[in-house]
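Undergrad: The sequence isn't on hand, but the structure is:
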């Protein structure tokens, strides 16, 4: 009757533990990348919503009087330089007395450009 572990059992258990730890380490990098990507998306949505609320707060008349229909307007003030924000306003779209506003936010991450957008309609009151 022997007590304890043999050298072979110890080596096999260490290999199994090492494989498990390597698997966990690779999952950590994937998880970290996902957290960073989701953070940028959340910030992008925040910048998008900020501009949209500004346009809605202006109201139909001021938006139509201020912006030319169909012109691309940069709105990068107040956001980090790695993000870009712009918007379009269309007068009398989809019908007369309405304006359609569409806001875009983009950023580049690992040689890929992400673009998100939001659209709303303003009506004459």
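TA: Received the coordinates, thanks. Note that this is a predicted model, so its numbers are computed, not measured.
Undergrad: what residue ranges in this protein score low on pLDDT?
TA: When residues are selected by pLDDT under 70, those of the chain lie in 1.
Undergrad: can you do 80?
TA: Applying pLDDT under 80 to the chain flags the ranges 1-5, 125.
Undergrad: Go through it and flag its longest helix.
TA: Longest helix of the chain, by residue count under DSSP state H: helix 7-58.
Undergrad: name the helices or strands packed onto that one?
TA: Packing partners of helix 7-58 (3 or more C-beta pairs under 8 Å, 6 or more residues apart in numbering; DSSP states H and E): strand 83-91, strand 98-109, strand 112-123. Quick note: C-beta positions are derived from backbone N, CA and C, even for glycine.
Undergrad: For the last one, which residues meet the burial criterion?
TA: Applying a neighbour-count criterion of 16 or more other C-beta atoms under 10 Å, the buried positions in strand 112-123 are residue 122.
Undergrad: for it, packing partners?
TA: Contacts defined by 3+ C-beta pairs under 8 Å, 6+ apart place strand 112-123 against helix 7-58, helix 60-66, strand 98-109.
Undergrad: Same list, these, but as JSON lines with distance to residue 83 and mean neighbour count please.
TA: Listed next are those as JSON lines, based on distance: least, C-beta to C-beta, whole Å; neighbours: other C-beta atoms under 10 Å:
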{"stretch": "helix 7-58", "distance to residue 83": "6", "mean neighbour count": "12"}
{"stretch": "helix 60-66", "distance to residue 83": "23", "mean neighbour count": "15"}
{"stretch": "strand 98-109", "distance to residue 83": "5", "mean neighbour count": "19"}
